[in-house]
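How does the following fold in three dimensions:
(one chain, ligands or ions: 2)
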Amino acid sequence: MLRLSRESLKAGQSAWEAAGVGLPKFELETVAKNTQVNPQWVHFGAGNIFRGFVANAHQKLLDSGQADTGIIAAESFDFEMIDKVYKPYDNLTLLVLMNARGEFQKKVVGSIVEALAADKNRAADYSRLIEIFEQPSLQMASFTITEKGYSLTGPDGRYLGIVEKDIENGPGPGRQVHAMSLVASLVYRRYLKGRYPMTFVSMDNCSHNGDKLKQAVLTMAKEWAKRGLVEGGFIGYLEDEHKITFPLSMIDKITPRPSETVQAALLEQGIGDMDVIVTSKNTYTAPFVNAEISEYLVIEDKFANGRPPLEEAGIIFTDRDTVNKVETMKVTTCLNPLHTALAVSGCLLGFTLIADEMKDSTLRRFVETIGYTEGLPVVVDPGILSPKQFLDEVLQERFSNPFIPDTPQRIATDTSQKVGIRFGETIKSYICREDLDPAKLTAIPLAIAVWCRYLLGVDDEGKPFALSPDPLLETLQGHLGGVKLGDKTSGVHAILEDEKIFGVPLYSTGLGEKIENMFYEMLEAPGAVRKTLDKYLK
Ligand SMILES: NC(=O)c1ccc[n+]([C@@H]2O[C@H](COP(=O)([O-])OP(=O)(O)OC[C@H]3O[C@@H](n4cnc5c(N)ncnc54)[C@H](O)[C@@H]3O)[C@@H](O)[C@H]2O)c1
Ligand SMILES: O=P(O)(O)OC[C@@H](O)[C@@H](O)[C@H](O)[C@H](O)CO
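Numbers count the residues shown, from 1 in each chain. Ligands and ions are numbered 1, 2, ... in the order given. Next up, the predicted model:
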């Protein structure tokens with residue numbers, strides 16, 4: 001039985017190859033040693049998309065000799081991942097890509113050469129992170145920490161408790177809990193050491209991700225500066241684009257949680273010890289990552305201290321305006337809104353696979369209407385990718401691929417953080433256009449109504465189901481407290497009028513009441529969700 005480790009790759013190379021697994025073409029030890037003395041790239045958020053896409057892209061450079069240092073994975077949130085799927089497997093990942101015929105392309109990704117837990121109780125990892133940030137060689141820190149990883153404030157607009165503590169505690173080593181204060185403290189060490197340049201690249205699915213990251217890091221720095229906890233020059237350093245940059249990016253690759261079906265198939269192929277782990281913080285992780293083949297990563301080419309030639313690995317570098325357009329296209333129109341609609345309706349209708357939802361004619365019509373009918377008229381063509389072609393690929397091939405083990409339950413995670421961008425932006429465009437009337441939209445308000453119905457945690461048969469984690473769940477459920485099937489009143493108005501959630505005033509655009517009516521229709525009785533979807537999507 002094959003088990004992922006550096007030793008096994010060396011001693012059992014032919015057995016791995018016989019199992020159809022591509023292996024790194026570079027010397028892992030040499031690259032690890034180079035990285036030790038000459039760190040160039042740290043990545044925060046050691047999750048699936050990082051291992052399945054970003055690390056694999058860098059591996060292509062290492063394989064072809066166009067890079068000679070690896071990536072250092074840093075985890076500021078879920079340290080269990082480092083202990084359970086990084087360290088025991090020598091930081092290696094088995095990447096399993098799946099095409100529409102169900103064939104696996106397997107390879108070992110070895111470009112991650114160190115894995116650090118930024119935990120104040122782990123002094124060695126913490127010191128190493130500081131050492132890395134003090135090195136002139138460091139070119140970039142990238143991030144896939146989910147949208148909420150950048151938020152310093154809670155629903156009431158006030159700083160989160162951990163952020164308040166981080167502000168009071170200052171930038172001293174081992175004192176920060178929130179990812180943004182940790183990063184601010186590390187870049188402060190860099191400033192003190194030599195004011196060296198570097199770049200911070202957010203690769204999360206939030207609009208203007210680089211700006212969001214910059215805003216969060218600067219806010220922490222300014223709070224410390226106000227209290228005299230950092231030198232005044234630190235703010236100027238962070239704002240000087242010759243020193244520090246925060247490019248925008250758009251990342252796209254459906255990377256589901258690791259699936260037990262894939263684990264079982266690997267076992268049949270002689271690859272063992274691939275258990276799927278759900279950590280106490282609810283991260284789904286494994287020594288393997290399963291993902292689709294399609295991938296797009298577009299980054300604003302604004303790097304203050306150089307960067308690896310990732311264009312050689314298929315990553316597109318372009319100007320800010322183009323990234324902005326391509327990201328808007330994907331996140332607000334052609335992919336993520338459709339995913340969110342399938343996620344919440346899938347949970348209510350008992351689906352556990354996105355591809356199965358695409359076989360349901362009503363749900364297919366749901367996402368086709370959101371994408372083609374309501375989204376495409378307002379999308380701006382980024383020039384480098386055609387929105388229509390992108391949407392065709394998403395709907396005809398990517399979502400429909402039955403071998404991609406993606407679940408509505410994964411995608412429903414943190415929906416409160418995403419609805420504003422995924423639906424609110426299109427509504428905004430309708431408000432701005434003289435020739436379009438937001439009140440005439442149907443599928444987008446329906447998706448919002450389905451989300452509100454989803455929040456009850458009762459499926460369309462009237463049975464309770466587990467809602468996916470969401471930082472606003474308690475508040476939102478508080479508004480809906482006690483609502484049952486058959487009720488004709490509820491606190492849904494309080495949710496819909498919250499502009500912080502939707503980014504637009506739903507009531508003054510004529511959508512608030514429309515959504516409320518749809519919500520009550522879906523509340524009528526068991527089966528009413530299906531009936532309402534059928535009615536509006538005829
Ligand atoms: N999986 C995909 O299909 C996909 C595709 C494109 C973009 N993305 C982006 O990448 C993000 C991560 O996706 P993933 O598949 O790697 O998820 P994952 O669950 O495998 O990993 C999530 C990572 O974020 C960290 N994290 C979670 N909450 C955090 C917090 N509050 N502060 C700091 N770190 C936190 C976790 O510790 C973990 O490292 C998504 O939220 C999205 O923005 C994902
Ligand atoms: O990762 P999130 O939470 O921003 O969104 C869930 C999915 O829509 C997302 O992960 C997609 O799989 C991804 O955006 C495809 O590129």
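
I'd like the distance between the nearest residue to residue 387 once chain neighbours are set aside and residue 411.
Closest residue in space to residue 387, ignoring its immediate chain neighbours: residue 379 at 4.7 Å, by Cβ to Cβ, 6 or more residues apart in numbering. C-betas here are computed from N, CA, C, even on glycine. Residue 379 sits 21 Å away from residue 411, going by Cβ to Cβ, to the nearest Å.

got it, and residue 527?
Distance from residue 527 to residue 411, counting by Cβ to Cβ: 24 Å.

which parts of the stretch 351-500 of the chain sit against ligand 2?
Taking Cβ under 6 Å from any ligand atom as the criterion, the neighbours of ligand 2 within the stretch 351-500 of the chain are 411, 413, 414.

okay, now the nearest residue to the second one once chain neighbours are set aside: neighbour count?
Spatial nearest neighbour of residue 413, chain neighbours left out: residue 468 (4.3 Å); criterion: Cβ to Cβ, 6+ apart. Look at residue 468: counted by other Cβ atoms under 10 Å, it has 20 neighbours.

How about residue 311?
Each residue near residue 311 was counted by other Cβ under 10 Å, and the total is 13.

And the nearest residue to it once chain neighbours are set aside, how far from residue 198?
Of all residues not flanking residue 311 in the chain, residue 317 sits nearest, at 5.6 Å (Cβ to Cβ, 6+ apart). Relative to residue 198, residue 317 is positioned 17 Å away (Cβ to Cβ).

Equivalent analysis for residue 366, please.
Distance, residue 366 to residue 198, using Cβ to Cβ: 44 Å.

Equivalent analysis for residue 333, please.
Counting by Cβ to Cβ - residue 333 and residue 198 are separated by 33 Å.

Residue 376 too?
According to Cβ to Cβ, residue 376 stands 39 Å off from residue 198.

Between those two, tell me which one has more neighbours.
Applying other Cβ under 10 Å to residue 376 and residue 198 shows that residue 198 carries more neighbours, namely 23 against 17.

ok but the residue nearest to residue 311 is inside a helix, no?
No - per DSSP: H, G, I helix; E, B strand; the rest coil, residue 317 lies outside any helix segment and is strand.

what is it paired to in the beta sheet?
For residue 317, the beta-bridge assignment (DSSP bridges) gives partners residue 299.

now it: how far from residue 338?
27 Å.

And for residue 394?
According to Cβ to Cβ, residue 394 stands 7 Å off from residue 338.

Looking only at neighbour counts, state which of the two leads.
Taking neighbours as other Cβ under 10 Å, residue 394 and residue 338 compare with residue 338 leading, 25 against 22.

ranges for the helices of the stretch 351-500 of the chain?
Ranges of helices within the stretch 351-500 of the chain are 354-358, 361-368, 387-392, 408-411, 419, 425-432, 443-454, 473-479, 492-496, 499-502, based on DSSP state H, counting those that start in this stretch.

from those helices, which stretch is densest packed?
Stretch with highest mean neighbour count among those: helix 443-454 (a mean of 26; mean count of other Cβ atoms under 10 Å).

At the contact with ligand 1, which residues of the protein appear?
Neighbours of ligand 1 within the chain, by Cβ under 6 Å from any ligand atom: 45-50, 75-78, 144-149, 179, 204-205, 251-255, 283.

just checking, which of the residues you listed belong to helices?
Counting by DSSP state H, the residues of the chain next to ligand 1 place 48, 49, 179 in helices.

Strands of the stretch 1-150 of the chain, start to end?
For the stretch 1-150 of the chain, applying DSSP state E, counting those that start in this stretch gives strands covering 21-22, 41-44, 71-75, 93-98, 104-109, 112-117, 140-143.

what does the third one contact?
It stands for strand 71-75. 35, 39, 41-46, 50, 54-55, 58, 81-82, 86, 91, 111-118, 129, 132 (Cβ atoms under 8 Å, 6 or more residues apart in numbering).

How about the last one?
By Cβ under 8 Å, 6+ apart, the residues outside strand 140-143 that reach it are 40-45, 54, 149, 179, 183, 198-204, 213, 303, 305, 307.

Show the contacting residues for the closest residue to residue 445 other than its chain neighbours.
Of all residues not flanking residue 445 in the chain, residue 515 sits nearest, at 4.7 Å (Cβ to Cβ, 6+ apart). Each residue near residue 515 by Cβ under 8 Å, 6+ apart is listed here: 445, 448, 449, 452, 496, 506.

Turn these into TSV, including pLDDT.
Converted to TSV, those look like this (pLDDT from 0 to 100):
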residue	pLDDT
445	98
448	98
449	98
452	98
496	98
506	98
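
Which one of the residues of the stretch 351-500 of the chain next to ligand 2 is nearest to residue 244?
If you rank these by distance to residue 244 using Cβ to Cβ, residue 414 comes first, at 28.0 Å.

Correct me if wrong: the closest one contacts residue 151.
No - here residue 414 lies out of contact with residue 151, judged by Cβ atoms under 8 Å, at a distance of 10.4 Å.

Name the residues contacting each of those two.
Common contacts of residue 414 and residue 151 (Cβ under 8 Å, 6+ apart): residue 471.

any shared contact partners between residue 394 and residue 338?
With contacts defined as Cβ under 8 Å, 6+ apart, the residues shared by residue 394 and residue 338 are residue 371.

So what does residue 209 look like in phi/psi?
Taking degrees, to the nearest 10, you get phi -60, psi -40 for the backbone angles of residue 209.

Let me see the contact set for the spatially closest residue to it that is not a sequence neighbour.
Sequence neighbours aside, residue 202 is the residue nearest to residue 209 in space, at 3.7 Å (criterion: Cβ to Cβ, 6+ apart). Neighbour list for residue 202: 142, 143, 150, 209, 210, 212, 213, 246, 249 [criterion: Cβ under 8 Å, 6+ apart].

again, but for residue 114
Residue 114 is in contact with 32, 35, 36, 70, 72, 73, 91, 128, counting by Cβ under 8 Å, 6+ apart.

No further queries at this time; thank you.
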